[in-house]
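K.L.:
I'd like to go over a predicted model; first the sequence, then the structure.
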Amino acid sequence: MKVARYPYRARAWWDDRLVVQSDSCLVAEAPGGLPVLYFPSTDVDGDLSAFEGLSECLRPAGSPDELAGHIAFDQDRVRVEVMDEVAGDEPRDVTHKRFPTWGDAADLVDVMDVRPTDDSNRTFVTVARSDERRPVVEGSQMLGQAVVAAGRYVEGRRVVSASMIFLRAADAHRPLRVELEELTSGRTFSGLAVKVFEGARLCAAGTVLLDVPSDDVIRHASVGPDVAGPYESEPYDMGVTGRDIRVVDGSYTNDPAAAGPPVVDAWVRFRHLPDDQPLHAGLLAQFTGHMSIAAALRPHEGVSQDQAHSTLSMAINSISLSLHAPVKADDWLLYHHCSTFAGAGTTHAENRVYDLDGALVASFTVDAMVRPLPRGAKGPMDARTAL
């Protein structure tokens, strides 16, 4: 078991009563299990026996010795949350994340920052990170990793478009291999074919186009939607500390009764990122697969995302991304998702990404499936076999 100091303030709630709050928690991680947060016993607010039924939710500290003097809770029954903030944050920048989280923004950066396997920079490997709640690699993650790999291979040129089809489910517990093939390399454009493997299994394939930027001959761009700003929108917890998501009008929801137009607008910002343009572009790409299916489901009362992998098979089939300008993923970006078609077991969405000033940064289309779950399927890995 690995034990480390947890970098965020955390607190535990029993119903609506605060049990403990601490800046000195420890996090324990064991292979194959979810992380557990341990609070110093001295930070408990009063006598735990005053919280009726709470004693049944306590976990023994056990070993190693670092956990002595600490307590933990059954995290399914006791609401444990972390305050996602750093020194100097304004109150409006502070959000709460339910623990256990998937990880931190630094962990996501580590996953996206593919590593070359040799000096040719044509084959890259990824770091695997998963928990039992997310056993399948998101298609947009593979697209983003391909964008980063292409930017590493062709230095001095920026990715202007990337398209990928997703062929098979990839196991999030295992690393991936990203292979590039140079199709053309002219004075201003470079074209690459990309394949993503899990072991010997081809999981995704596509193309990436890079260029040397030119001065404008003509210029126009679509105007951003007139929607509430990030601080007037509801925070949404996707389990990644260091990344803030704010959903306009609460339109991204699992509530099957919350019908509305086929549109979901979401503001996204990372707190801190290195000055690395391929990585910023890859992180933008990584989010493109998150909300388009939700936009397609939204007009249809009685159908929601929580039916995925239980009664319905939902998955991204392909994404095509165009990047119109250098990306700053540590500034607020508005993802405007608009589903233009749903039927015959498929959905299509035409989407835009704008910066805080309303400038168009990127455009992307998403084709996905929403189908009855194949007979005998038992989870996300099985559900993806419908492809």
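P.N.:
Happy to help now that I have it.

K.L.:
show me the contacts for the spatially most central residue of the chain.
P.N.:
For the chain, the residue nearest the mean C-alpha position is Phe287 (5.8 Å; CA atoms, centre = their mean). Contacts for Phe287 (CB atoms under 8 Å, 6 or more residues apart in numbering) come out as Ser140, Val268, Tyr335. The way it works is simple: take the backbone N, C-alpha and C, and place the C-beta from them, glycine included.

K.L.:
Phe73: which of those residues is nearest?
P.N.:
Each of the contacts of Phe287 was checked against Phe73 using CB to CB; the closest is Val268, at 30.6 Å.

K.L.:
that's a helix at the residue nearest to the centre of the chain, yeah?
P.N.:
Yes: according to DSSP: H, G, I helix; E, B strand; the rest coil, Phe287 belongs to a helix.

K.L.:
What segments of the stretch 51-200 of the chain are strands?
P.N.:
Using DSSP state E, counting those that start in this stretch, the strands assigned to the stretch 51-200 of the chain run over residues 58-59, 70-73, 79-84, 95-98, 103-104, 115-116, 123-125, 158-166, 177-185, 189-198.

K.L.:
Looking at those strands, which is nearest to Asp43?
P.N.:
Using CB to CB, the strands of the stretch 51-200 of the chain put strand 70-73 closest to Asp43, at 9.4 Å.

K.L.:
just checking, what packs against the closest one?
P.N.:
strand 36-40, strand 58-59 (3 or more CB pairs under 8 Å, 6 or more residues apart in numbering; DSSP states H and E).

K.L.:
picking up where we left off before, take the contacts of Phe287 and write them to a markdown table, including pLDDT.
P.N.:
Listed next are those as a markdown table, based on pLDDT from 0 to 100:
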| residue | pLDDT |
| --- | --- |
| Ser140 | 98 |
| Val268 | 98 |
| Tyr335 | 98 |
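
K.L.:
Domain map for this protein?
P.N.:
Per automatic domain parsing, the structural domains of the chain span 2-99, 101-387.

K.L.:
for the protein, which spans come out with low pLDDT?
P.N.:
Counting by pLDDT under 70, the ranges of the chain that qualify are 61-62, 131-132, 376-387.

K.L.:
quick revisit: dump the contacts of Phe287 to JSON lines, plus distance to Leu48 and neighbour count.
P.N.:
JSON lines is the format used below for those (distance: CB to CB, whole Å; neighbours: other CB atoms under 10 Å):
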{"residue": "Ser140", "distance to Leu48": "43", "neighbour count": "23"}
{"residue": "Val268", "distance to Leu48": "39", "neighbour count": "23"}
{"residue": "Tyr335", "distance to Leu48": "43", "neighbour count": "24"}
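
K.L.:
Which one of the residues you listed is nearest to Val194?
P.N.:
Ser140 (14.1 Å).

K.L.:
before we move on, back to that, nearest to Ala359, of the contacts of Phe287?
P.N.:
Proximity of the contacts of Phe287 to Ala359 (CB to CB) peaks at Tyr335, which lies at 14.2 Å.

K.L.:
For that closest one, list the residues it contacts.
P.N.:
By CB under 8 Å, 6+ apart, Tyr335 lies in contact with Asp265, Ala266, Trp267, Val268, Phe287, Thr288, Met291, Asn351, Arg352, Val353.

K.L.:
Give the single residue among these positioned nearest to Asp330.
P.N.:
Set against Asp330, the nearest of the contacts of Tyr335 by CB to CB is Val268 (10.3 Å).

K.L.:
Adding mean neighbour count, write the strands of the stretch 51-200 of the chain out as a markdown table.
P.N.:
Below are those laid out as a markdown table (neighbours: other CB atoms under 10 Å):
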| stretch | mean neighbour count |
| --- | --- |
| strand 58-59 | 14 |
| strand 70-73 | 22 |
| strand 79-84 | 20 |
| strand 95-98 | 18 |
| strand 103-104 | 18 |
| strand 115-116 | 14 |
| strand 123-125 | 20 |
| strand 158-166 | 22 |
| strand 177-185 | 15 |
| strand 189-198 | 20 |
